[in-house]
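Enquirer: Any chance you could fold what I've pasted below:
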Amino acid sequence: MSATEAAANEICASCGIAGDGDTKLSNCTACYLVKYCGVECQRKHRPQHKHACKKRAAELKDEILFKQPESTHLGDCPICMLPIPVPTSQETVKSSIYQCCSKIICNGCAHANELREDEARLPRKCPFCRTLLPKT
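Expert: Residues are numbered from 1 along each chain as shown. You can find the predicted model right below:
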């Protein structure tokens, strides 16, 4: 930001009074694009600022709504739909990838499938696609 842009940002958008130690300027609370010295100036400038303000406020809202967070998980388990966490250096892996369907299944669903198969004395199958697993 150049010195002229910084100076332009420190003046009231309505009356042009510069913000200094005596005059404290406040931002438009919807768009944060312009500054005002008081409520009267903000009301007076509203008709000229309304269109740009609504546009910028919508952009800010979209930015907040659609911002993608940093990836904190490997995706969701296709069976229970819970996020599978990325293991840190001290943690053990909490999921398994199955070659038959290339799905990452959480250890909870894999364990529940093993218990079900053990109780019914069934052969080992993939928890997702039910393909027989190779004997290892």
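
Enquirer: list the buried ones in the helix ranked longest in the chain?
Expert: Counting residues, the longest helix found in the chain (DSSP state H) is helix 39-66. Neighbour counts over helix 39-66 (16 or more other CB atoms under 10 Å) mark 41-42, 45, 49, 53, 56-57 as buried. In short, each C-beta sits where N, CA and C put it, glycine included.

Enquirer: After it, which helix or strand is next?
Expert: strand 73-76 (DSSP states H and E).

Enquirer: Which neighbours in the sheet does the helix or strand that that next one is followed by have, and how are they oriented?
Expert: Following strand 73-76 in sequence order, the next helix or strand is strand 83-85 (DSSP H and E). Using DSSP bridges, the strands paired with strand 83-85 are strand 73-76 (antiparallel).

Enquirer: what about the strand it pairs with, average pLDDT?
Expert: For strand 73-76, mean pLDDT rounds to 78.

Enquirer: One more: stretch 113-121?
Expert: With pLDDT averaged residue by residue, stretch 113-121 scores 95.

Enquirer: buried set for it?
Expert: Neighbour counts over stretch 113-121 (16+ other CB under 10 Å) mark residue 113 as buried.

Enquirer: Tabulate the CA atom coordinates of that stretch in PDB.
Expert: Taking Å, rounded to 0.1, in the frame of the first residue of the first chain, the C-alpha atoms of stretch 113-121 are listed here in PDB:
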ATOM      1  CA  ASN A 113     -16.700 -56.400  10.600                       C
ATOM      2  CA  GLU A 114     -14.100 -58.800  12.000                       C
ATOM      3  CA  LEU A 115     -16.200 -59.400  15.100                       C
ATOM      4  CA  ARG A 116     -19.300 -60.000  13.000                       C
ATOM      5  CA  GLU A 117     -17.400 -62.500  10.800                       C
ATOM      6  CA  ASP A 118     -15.800 -64.200  13.900                       C
ATOM      7  CA  GLU A 119     -19.200 -64.700  15.600                       C
ATOM      8  CA  ALA A 120     -20.800 -66.100  12.500                       C
ATOM      9  CA  ARG A 121     -17.600 -68.000  11.500                       C
END
